[in-house]
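Undergrad: My questions concern the predicted model and sequence given below.
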Amino acid sequence: MTNIILLGPPGAGKGTQARRLVEERGMVQLSTGDMLREARTSGTEMGRRVAAVMDRGELVTDEIVIGLIEEKLNGAHAGGFIFDGFPRTLAQADALGALLDRHGLKLDAVIEMQVDDAALVSRITARSTCGNCGEVYNDLTKPIPSDGVCTSCGEKAEFKRRADDNEESLRQRLMEYYKKTSPLIGYYYAKGNLRTVDGLAEIEDVAKDIAHLLG
Ligand code: AMP
């Protein structure tokens, strides 16, 4: 069982690589961003509370996201967990360490996906996903099929853009990343967990680099 964190700014490709690991290794993707978007769509009280914060590109409280992860960890999984978009603060990193200890789990690697800001802006403002299976498309490099049929799930789908995938929100999300999340690079380096891949490489090559790290 392998448990990993995918660390990197918005648009680094964490979600894309996490989906591959789910398919190829039977791992379980725990994306706090997806969980929060689900809470919004289903109209829960918590979903309503976080909506404006998310749209502004700010972080929701540690308490909320730690609670979401805690619920999911209760069902341990043999394939291992991929933490995608969590932890994003030092407090979340400490809480995750304590939660894993409590469940007798260990963190095998923290994979930092390195990218530069110019690439992030163009990736994010061109991004959309299949409303059915979550496959990620890009207006420039992987356009939505003209017949509206997703190349991954084969279904006729609605292709969605995220409310926070606009330049203004992205600027705020990047600032939050550099201020609050990037200190985790030093934190996990000191713990001996940090590994780095070039997130600007082709999707296939990034996947190979990650597979190589995981052995
Ligand atoms: P993501 O899909 O990971 O880009 O997350 C989308 C938004 O959800 C972020 O901009 C935050 O507002 C919120 N969010 C997701 N994960 C976290 C987290 N671990 N801590 C705080 N806020 C989060």
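TA: Okay, I see it.

Undergrad: out of everything not next to it in sequence, what's closest to whichever residue of the chain sits closest to the ligand?
TA: With C-beta to the nearest ligand atom, the shortest gap between the chain and the ligand falls at residue 33, namely 2.0 Å. The C-beta positions use only the backbone N, C-alpha and C, and glycine is treated the same way. Distances taken as C-beta to C-beta, 6 or more residues apart in numbering put residue 85 closest to residue 33, at 4.6 Å, once the chain neighbours are dropped.

Undergrad: One more: residue 174?
TA: residue 9 is the one closest to residue 174 (C-beta to C-beta, 6+ apart), at 6.0 Å.

Undergrad: Ok, residue 46 next?
TA: The spatially closest residue to residue 46, leaving aside those adjacent along the chain, is residue 39, at 5.2 Å (C-beta to C-beta, 6+ apart).

Undergrad: again, but for residue 47
TA: Once its chain neighbours are removed from consideration, residue 47 has its nearest residue in residue 39; the separation is 3.4 Å (C-beta to C-beta, 6+ apart).

Undergrad: one step back: the residue nearest to residue 174 and residue 118 touch, don't they?
TA: No: at 12.0 Å, residue 9 and residue 118 do not qualify as touching, with contact defined as C-beta atoms under 8 Å.

Undergrad: Just want to know which of the two has more residues nearby.
TA: When residue 9 and residue 118 are compared on other C-beta atoms under 10 Å, the one with more neighbours turns out to be residue 9, at 23 against 8.

Undergrad: Just list the residues touching the residue nearest to the spatial centre of the chain, thanks.
TA: Residue closest to the mean C-alpha point of the chain, counted by C-alpha atoms, centre = their mean, is residue 84 at 3.4 Å. Taking C-beta atoms under 8 Å, 6 or more residues apart in numbering, we find residue 84 in contact with 6, 14, 15, 18, 29, 30, 31, 32, 33, 34.
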